[in-house]
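Peer 1: just coords:
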């Protein structure tokens with residue numbers, strides 16, 4: 001039951017190699033520090049992020065305060081509601097931290113929104129609106145986020161609360177919810193454009209942009225990308241209008257009639273948990289030599305179709321495979337939403353005022369960025385797991401381990417803090433060894449399961 005120095009070093013190596021986890025955390029917090037003019041506020045923000053990083057802790061001040069050893073939640077509530085600090089500077093620090101580790105060049109900016117259910121009418125921007133998270137109209141707040149993704153990893157880099165136009169009809173309600181004077185209505189694509197401009201101004205040089213139909217139908221967002229030399233693959237609705245290379249104006253779903261039986265190409269748009277995500281794709285030329293319509297058709301259900309509008313700059317050689325890969329990258333923002341909500345309480349805040357929401361979202365993004373960087377560093381330092389290349393291939397004796405995920409990075413960092421005795425509650429050294437054994441077993445089991453899922457998928461598409 002005794003944990004040796006060798007065990008400690010092994011724990012650090014599992015969490016992140018070659019840099020220790022506390023050095024990466026120190027780098028993040030050092031970047032955040034200038035956003036706070038007072039030492040006590042910096043300490044409280046550090047406690048808040050530490051609380052968000054602890055497994056099974058809800059993202060509200062009561063739960064966070066208990067988790068980090070405070071007697072009352074008041075310090076954390078003050079941090080969100082009334083304290084004087086710059087949450088936008090903190091957001092920029094999180095973005096800079098990520099870019100240093102993921103790289104500034106050649107990535108993908110991905111725009112999407114997510115909702116959080118709320119009761120009543122007092123919370124800033126709450127209202128009955130469609131939530132893709134719930135798949136129906138509910139009383140929710142909706143926020144637009146940007147994910148930045150490279151080959152090394154991905155995480156959220158920006159956030160804005162979407163405010164429906166009926167809020168602007170009641171200035172008193174706006175003021176009571178904490179909106180500053182002059183806060184103007186902005187559509188979801190408008191918010192995405194503002195976030196893209198901030199990312200570009202910060203030195204990010206993305207090769208591509210992606211998003212769902214909300215953003216694909218925005219000509220202003222597409223024009224921004226083209227003006228800045230950024231290719232894009234945006235999902236578009238069936239009634240999206242385009243002009244074909246034959247100078248015929250039609251809807252996206254009408255263009256389906258232009259695709260013959262030999263016009264479909266089977267491509268994978270990325271690796272899923274159960275294997276490569278293969279679809280049949282059609283590539284239709286438009287009246288612009290660098291813009292295309294892509295049509296995606298399900299292999300198992302050919303009636304299941306999706307449409308994408310794509311563009312590539314003049315100086316970029318681009319194939320259908322390249323465009324399909326970018327289309328698949330869009331799902332990384334969904335991964336960030338899932339990890340953000342399930343691991344660090346992105347959608348569990350109980351605040352009502354506008355600035356408090358922005359502060360919680362920023363600190364949650366900081367916690368998610370830390371875990372994403374740990375996962376990226378571990379991925380770079382360890383070989384990829386073994387995967388099959390033939391549907392009849394026998395499984396190897398050892399499939400290795402899957403790449404470190406954000407939830408697993410959180411569990412390992414928690415064990416690391418236990419070992420260092422930085423948590424407020426007593427633990428036993430045996431818990432660390434037990435947790436590390438479970439982590440290794442879990443990732444090896446997942447690697448073997450993934451191997452078999454991939455082989456099954458190869459057999460289906462053979």
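Peer 2: Nice, thanks for sending it over. Nothing here was measured: the structure is a model prediction, and the numbers come from that model.

Peer 1: Tell me the buried residues in the biggest strand by length in the chain?
Peer 2: When the chain is parsed with DSSP state E, its longest strand is strand 136-149. Residues of strand 136-149 classed as buried: 138, 139, 140, 141, 142, 143, 144, 145, 146, 147, 148, 149 (neighbour count, 16 or more other C-beta atoms under 10 Å). Every residue, glycine included, has its C-beta placed from N, CA and C.

Peer 1: what lines up beside that strand in the sheet?
Peer 2: According to DSSP bridges, strand 136-149 forms sheet pairs with strand 108-117 (antiparallel), strand 127-131 (antiparallel), strand 154-162 (antiparallel).

Peer 1: What mean pLDDT does it get?
Peer 2: Summarised as a single mean, pLDDT over strand 136-149 is 95.

Peer 1: Give me the secondary structure label for the most centrally placed residue in the chain.
Peer 2: When C-alpha atoms, centre = their mean is applied to the chain, the residue found nearest the centroid is residue 336 (2.7 Å). Following DSSP: H, G, I helix; E, B strand; the rest coil, the label given to residue 336 is helix.

Peer 1: Tell me the buried residues in stretch 48-60?
Peer 2: Neighbour-count burial for stretch 48-60 flags 48, 49, 50, 51, 52, 53, 54, 57, 58, 59, 60 (criterion: 16+ other C-beta under 10 Å).

Peer 1: Closest one to residue 131 out of the residues you listed, please.
Peer 2: Ranked by distance to residue 131 (C-beta to C-beta), the buried residues of stretch 48-60 are led by residue 59 at 18.3 Å.

Peer 1: what's near enough to touch the closest one?
Peer 2: When the contact criterion is C-beta atoms under 8 Å, 6 or more residues apart in numbering, the partners of residue 59 are 52, 344, 345, 346, 347, 348, 349, 360, 364.

Peer 1: now residue 346, nearest residue through space, not along the chain?
Peer 2: Nearest in space to residue 346, with sequence neighbours left out and distances taken as C-beta to C-beta, 6 or more residues apart in numbering, is residue 340 at 3.5 Å.

Peer 1: I'd like to know how far the one you found sits from residue 76.
Peer 2: Distance check for residue 340 against residue 76: by C-beta to C-beta, to the nearest Å, it reads 19 Å.

Peer 1: what helices or strands is the helix or strand containing residue 310 leaning on?
Peer 2: Under the criterion of DSSP states H and E, residue 310 resides in strand 305-311. Other helices and strands packing on strand 305-311, by 3 or more C-beta pairs under 8 Å, 6 or more residues apart in numbering; DSSP states H and E, are helix 219-227, strand 231-236, strand 291-297, helix 320-329.

Peer 1: quick revisit: can you pull the buried residues of the strand or helix carrying the residue nearest to residue 346?
Peer 2: In this assignment (DSSP H and E), residue 340 forms part of helix 331-343. Using 16+ other C-beta under 10 Å as the test for burial, helix 331-343 gives 331, 332, 333, 335, 336, 337, 339, 340, 341, 343.

Peer 1: What residues of the top helix by length along the chain count as buried?
Peer 2: Scanning the chain for the helix with the most residues, using DSSP state H, yields helix 429-461. By neighbour count on 16+ other C-beta under 10 Å, the buried set for helix 429-461 is 429, 432-433, 435-436, 439, 443-444, 446-448, 450-451, 453-455, 457-458.

Peer 1: wait, which of the buried residues of helix 331-343 is closest to residue 406?
Peer 2: Using C-beta to C-beta, the buried residues of helix 331-343 come closest to residue 406 at residue 339, 4.1 Å.

Peer 1: Residue 283 touches residue 320, doesn't it?
Peer 2: Yes: at 4.9 Å, residue 283 counts as touching residue 320 under the criterion of C-beta atoms under 8 Å.

Peer 1: Can you pull the residues that touch both of the two?
Peer 2: Any residue near both residue 283 and residue 320 by C-beta under 8 Å, 6+ apart counts here, and that gives 265, 294.

Peer 1: Which one of these two is surrounded by more residues?
Peer 2: residue 283 (18 against 15; other C-beta atoms under 10 Å).

Peer 1: List phi and psi for that one.
Peer 2: Main-chain torsions, residue 283, degrees, to the nearest 10: phi -120, psi 110.

Peer 1: just residue 68 next, same as before
Peer 2: For residue 68, the backbone dihedrals (degrees, to the nearest 10) come out as phi -100, psi 10.

Peer 1: quick one, what contacts it?
Peer 2: Residue 68 makes contact with 47, 50, 51, 54, 424 under the criterion C-beta under 8 Å, 6+ apart.

Peer 1: How about residues contacting stretch 323-333?
Peer 2: Stretch 323-333 has contacts (C-beta under 8 Å, 6+ apart) with 108, 110-112, 145, 147, 149, 154, 156, 208, 210-212, 231-233, 235, 267-270, 277, 279, 281, 283, 292, 294, 296, 308, 310, 312.

Peer 1: Would you map the strands across the stretch 251-400 of the chain?
Peer 2: Ranges of strands within the stretch 251-400 of the chain are 265-272, 275-285, 291-297, 305-311, based on DSSP state E, counting those that start in this stretch.

Peer 1: now those strands in a markdown table, with mean pLDDT and distance to residue 184?
Peer 2: Shown next, in a markdown table, are the strands of the stretch 251-400 of the chain (pLDDT from 0 to 100; distance: least, C-beta to C-beta, whole Å):
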| stretch | mean pLDDT | distance to residue 184 |
| --- | --- | --- |
| strand 265-272 | 89 | 37 |
| strand 275-285 | 93 | 38 |
| strand 291-297 | 98 | 31 |
| strand 305-311 | 98 | 28 |
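
Peer 1: Dump these into JSON lines; add distance to residue 401 as well.
Peer 2: Output for the strands of the stretch 251-400 of the chain, formatted as JSON lines (distance: least, C-beta to C-beta, whole Å):
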{"stretch": "strand 265-272", "distance to residue 401": "16"}
{"stretch": "strand 275-285", "distance to residue 401": "18"}
{"stretch": "strand 291-297", "distance to residue 401": "32"}
{"stretch": "strand 305-311", "distance to residue 401": "33"}
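
Peer 1: now the closest residue to residue 60 other than its chain neighbours: how far from residue 122?
Peer 2: Spatial nearest neighbour of residue 60, excluding adjacent residues (C-beta to C-beta, 6+ apart): residue 350 at 4.5 Å. For residue 350, the distance to residue 122 (C-beta to C-beta) stands at 12 Å.

Peer 1: Thanks a lot, catch you later.
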